[in-house]
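Asker: Based on what follows, work out the 3D shape:
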Amino acid sequence: MPIYDWLRDDLHHLLDKYLDRQRLIKQEIFNPVIVKSLVDAFEERKIGQDVFVWEMLMFQMWYDKWIN
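Answerer: Numbering: from 1, shown residues only. Sure thing, here's the model as predicted:
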């Protein structure tokens, strides 16, 4: 799957929405500083970060739909 391309282009707005610092602070599940550093690494094209960011995004979307 072209996860990297999707997250860099068509789906990037979802990263901004679901991995937003304020959202993460409010949830109190993940450390926003660590999530930001991993998203930054993804945006700098560091190898392997696309899968982590994809999984984090999928969890956040699931959480928003079923828990919130």
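Asker: If you count residues, where's the longest helix of the protein?
Answerer: Ranked by residue count and defined by DSSP state H, the top helix of the chain is helix 49-66.
Asker: who touches it?
Answerer: With Cβ atoms under 8 Å, 6 or more residues apart in numbering as the test, helix 49-66 has contacts from 3-4, 7, 11, 14-15, 18-19, 23, 27, 29-30, 35, 38-39, 41-42. All C-beta atoms are positioned from the backbone trio N, CA, C, and that covers glycine.
Asker: okay, now M58: neighbour count?
Answerer: Neighbours of M58 under the rule other Cβ atoms under 10 Å: 12.
Asker: Let me know the pLDDT of it.
Answerer: Listed pLDDT for M58 reads 96.
Asker: now swap in I47 and tell me
Answerer: For I47, pLDDT reads 68.
Asker: pretty sure I25 contacts P32?
Answerer: Yes - in this structure, I25 is within contact of P32 by Cβ atoms under 8 Å, at 5.7 Å.
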